[in-house]
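S.K.: show me how the following folds:
(chains A and B)
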Protein chains: 2
Amino acid sequence: MPLPNPIGWLDGAGIRLLDQTLLPEREVYLELRSVEAVAEAIRTLRVRGAPLIGIAAAMGAALAADGDEDGALDRVRRAVQLLGATRPTAVNLHWALRRMEQRAQTVAQQGRALAPALRAEAQAIWDEDRAMCARIGQLGAALVPENTTVMTVCNAGSLATGGMGTALAPVYTLLEAGRAPKVIAPETRPLLQGSRLTAWELTRAGVECTVITDNMVASRLRLGGVGCVLVGADRIAANGDVANKIGTYPLALAARAHGVPFYVLAPTSTIDPATPDGAGIPIEERSADEVTGWRGARSAPEGVGAWNPAFDVTPAHLITAIVTDRGVLAPRDVARAID
Amino acid sequence: MPLPNPIGWLDGAGIRLLDQTLLPEREVYLELRSVEAVAEAIRTLRVRGAPLIGIAAAMGAALAADGDEDGALDRVRRAVQLLGATRPTAVNLHWALRRMEQRAQTVAQQGRALAPALRAEAQAIWDEDRAMCARIGQLGAALVPENTTVMTVCNAGSLATGGMGTALAPVYTLLEAGRAPKVIAPETRPLLQGSRLTAWELTRAGVECTVITDNMVASRLRLGGVGCVLVGADRIAANGDVANKIGTYPLALAARAHGVPFYVLAPTSTIDPATPDGAGIPIEERSADEVTGWRGARSAPEGVGAWNPAFDVTPAHLITAIVTDRGVLAPRDVARAID
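M.R.: Coordinates of the predicted model:
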């Protein structure tokens, strides 16, 4: 199953990143050799997807430890600050950076070299994510009816994680078993991660994919034949409300209207017990330019306003179940699952 | 109130049409001198909007009567066939063409000249539409709360009708009274009539307009401050189900979820008593290319499939009221209203 490698270590000190803003036209790999370059790549969505952002940030924090051992802990702490300020909604980012910082403190207290220890810690975060994806894939695959079509949103596949994805993991798991479902990918404006990324990685893997515009979701579910909806998550509040890419909430409303099961698939690192409900999740608002045009071509007249929240919140009551690496959970049980 | 003139007669035989595919960048007027050219302009959405399609088709049918009086009735009948085959969903098109054909038969039976009579009939359809828009504007304006924001979809404004629009007519009516609401315009992929056309005509008229992508509709309604949703219609079935631009149905689902009144505004010529419910309305499916890219730039990888229904059906139970030139109707009462 030829899944892309959106991230990797460079020999010497650096990170190799697939520039996801250039897909599907061009498959370009960036060589990032500084924390600032990694932060910029996260901010500009060259690397995106909540789990992969966490991995990229962890690798970026590890980069900061390279070089002179004197001041390495300070450099790592500054890197954690810088990287943590790039995207406000995804909680894996903060989870991964906290883990890196704690590891750095422990290693420094022990008087051991930071650089190899932090590289190993970032690699562990990546390896664990790959394993979580595989586990989510197995658990999710059992929920997908045979010979069905599934619908997703945005991209929560191999381009969004360190492994086979979250929302798309059941698709790949079923593909390996010789019975991949067809996938409907809403394009996911404004940045088109559905048509650009999900359609690209599925087609590349040999999964049949149909792209629709975001406003066709409800009509497609009414048409029938969609066995379930599979989406990722950027943050899950203690009550089971889920922040995910803008468009997830209307997809959940449409799924409920047509009786289609709606599953959220995410690693437990996405669960944020400190946030009681969806109203407490900070929603990143991005530049109006993303809404008023696409790749330089304006679609709205000059002077018109735009609103551009990157995420929305799906209330727990619209979610059939949350599939995590620790099992398939009722939304109300997520906080307990990570106690 | 500087509203655009999307259609007009040319001196001599012909029609002047604003090419709506080039907005908002360029305001280009086409000079169409044949029925074929008018049909092509409808098919390619250079002229669009259910009421304006009806007017353009009527004017196109009138063009067919120009020239030799011998064979004029046959030419008109062929024009009605050609023009009627351009778009399957909008019912005004067929209503206007049937009216033109009946007028042509009557005039021919009376032995009178067809060309001036059909030109007058098309002009009457246009004038009546302008009056209907004004009436819908008055009735609709009374439903819009003071100092509120309204949300629409696609473009059902002056660019879609022979007057001040249907969904946007209350906005213009309130603007003339000095209390225009702010308008939220979902961009309406794939052809972006919301960001290209609605934002253009509202900004031009001095109404504050904010563009969002289609998947932001539910989040924006949750945010609050939206007093009502105002949408047009391409066809209204006898039971009150409404076919309108793709994206209308999810907007109705979101409005219901957040307790926001959802109004459909359309002339009675949009009501089709011969179609018992929404399932019987033919939904035009357009080219996949519209979904997989925009203005020549591909957004999906080569080889991926796409589905492109131009309209969806909103069930009557999600509609607060249908505002027509004959009054504000409960959806279940529409068929009775045109008896």
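S.K.: could you pull out the strands in the stretch 151-300 of chain A for me?
M.R.: A:182-186, A:209-212, A:226-231, A:235-237, A:242-245, A:262-265, A:271-272, A:293-294, A:297-298 (DSSP state E, counting those that start in this stretch).
S.K.: can you give the contact residues for the fifth one?
M.R.: This points to strand A:242-245. When contacts are defined by Cβ atoms under 8 Å, 6 or more residues apart in numbering or on different chains, strand A:242-245 is touched by residues A:89, A:153-154, A:188, A:193, A:231-237, A:248, A:264, A:278, A:281, A:283, A:310-314, A:316, A:319, A:322, A:331. For every residue, glycine as well, the C-beta is placed using N, CA and C.
S.K.: swap in 6 Å and give it another go.
M.R.: Contact partners of strand A:242-245, identified using Cβ atoms under 6 Å, 6 or more residues apart in numbering or on different chains, comprise A:89, A:153-154, A:231-236, A:264, A:281, A:311, A:313-314.
S.K.: and those residues as TSV, adding pLDDT?
M.R.: As requested, these are exported to TSV (pLDDT from 0 to 100):
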residue	pLDDT
A:Thr89	87
A:Val153	98
A:Cys154	98
A:Val231	98
A:Gly232	98
A:Ala233	97
A:Asp234	95
A:Arg235	95
A:Ile236	97
A:Val264	98
A:Ile281	96
A:Phe311	97
A:Val313	98
A:Thr314	98
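S.K.: can you give me the helices for the stretch 101-250 of chain A?
M.R.: Taking DSSP state H, counting those that start in this stretch, the helices of the stretch 101-250 of chain A run over residues A:114-141, A:169-176, A:193, A:199-205, A:217-223, A:248-257.
S.K.: which one of the ones you listed lies nearest to B:Arg16?
M.R.: helix A:217-223 (35.4 Å; Cβ to Cβ).
S.K.: which strands and helices lie in contact with that closest one?
M.R.: Where contact means 3 or more Cβ pairs under 6 Å, 6 or more residues apart in numbering or on different chains; DSSP states H and E, helix A:217-223 is packed against helix A:248-257.
S.K.: quick check, central residue of chain A?
M.R.: Nearest to the mean C-alpha position of chain A, counting by Cα atoms, centre = their mean, stands A:Gly49 at 2.5 Å.
S.K.: stretch A:17-27: end-to-end distance?
M.R.: Start-to-end span of stretch A:17-27 (Cα to Cα, to the nearest Å) is 10 Å.
S.K.: again, but for stretch A:275-292
M.R.: Stretch A:275-292: ends 32 Å apart by Cα to Cα.
S.K.: flag every buried residue along it.
M.R.: A:275, A:278, A:280-281, A:283-284, A:286, A:288, A:290-292 (16 or more other Cβ atoms under 10 Å in any protein chain shown).
S.K.: which residues does A:Ile271 contact?
M.R.: A:236, A:334, A:338.
S.K.: out of those residues, which is nearest to chain B?
M.R.: A:Ile236 (17.5 Å; Cβ to the nearest Cβ).
S.K.: give me the nearest residue to the closest one, chain neighbours excluded.
M.R.: Leaving aside its sequence neighbours, A:Ile236 sits nearest to A:Ile271 (Cβ to Cβ, 6 or more residues apart in numbering or on different chains; 4.6 Å).
S.K.: picking up where we left off before, okay if I get the helices of the stretch 101-250 of chain A as CSV plus mean pLDDT?
M.R.: Shown next, in CSV, are the helices of the stretch 101-250 of chain A (pLDDT from 0 to 100):
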stretch, mean pLDDT
helix A:114-141, 97
helix A:169-176, 98
helix A:193, 97
helix A:199-205, 97
helix A:217-223, 98
helix A:248-257, 98
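S.K.: tell me which of these sits most buried.
M.R.: helix A:193 (a mean of 29; mean count of other Cβ atoms under 10 Å in any protein chain shown).
S.K.: now what about it, what contacts it?
M.R.: Outside helix A:193, the residues within contact range by Cβ under 6 Å, 6+ apart are A:154-155.
S.K.: check contacts around A:Gly240.
M.R.: Neighbouring residues of A:Gly240 by Cβ under 6 Å, 6+ apart: A:316, A:331-332, A:334.
S.K.: got a quick PyMOL command for the buried subset of these?
M.R.: Here is the PyMOL command that picks out the buried ones among those, judged by 16+ other Cβ under 10 Å:
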select buried, chain A and resi 316+331+334
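S.K.: quick one: contacts for the residue lying closest to A:Arg46 once chain neighbours are set aside?
M.R.: Excluding the flanking residues, the one nearest A:Arg46 by Cβ to Cβ, 6+ apart is A:Asp19, at 4.7 Å. Taking Cβ under 6 Å, 6+ apart, we find A:Asp19 in contact with A:28, A:30, A:46.
S.K.: so which residue of the stretch 1-150 of chain A comes closest to chain B?
M.R.: Residue of the stretch 1-150 of chain A nearest chain B, by Cβ to the nearest Cβ: A:Pro24 (3.9 Å).
S.K.: among the contacts of A:Asp19, which are located in strands?
M.R.: Under the assignment DSSP state E, the contacts of A:Asp19 contribute A:Leu30 to strands.
S.K.: same list, the contacts of A:Asp19, but as TSV with pLDDT and neighbour count please.
M.R.: As requested, the contacts of A:Asp19 are exported to TSV (pLDDT from 0 to 100; neighbours: other Cβ atoms under 10 Å in any protein chain shown):
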residue	pLDDT	neighbour count
A:Val28	97	13
A:Leu30	97	17
A:Arg46	97	21
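S.K.: picking that back up, for the contacts of A:Gly240, give me JSON lines that also has pLDDT.
M.R.: Listed next are the contacts of A:Gly240 as JSON lines, based on pLDDT from 0 to 100:
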{"residue": "A:Ala316", "pLDDT": "98"}
{"residue": "A:Pro331", "pLDDT": "97"}
{"residue": "A:Arg332", "pLDDT": "95"}
{"residue": "A:Val334", "pLDDT": "95"}
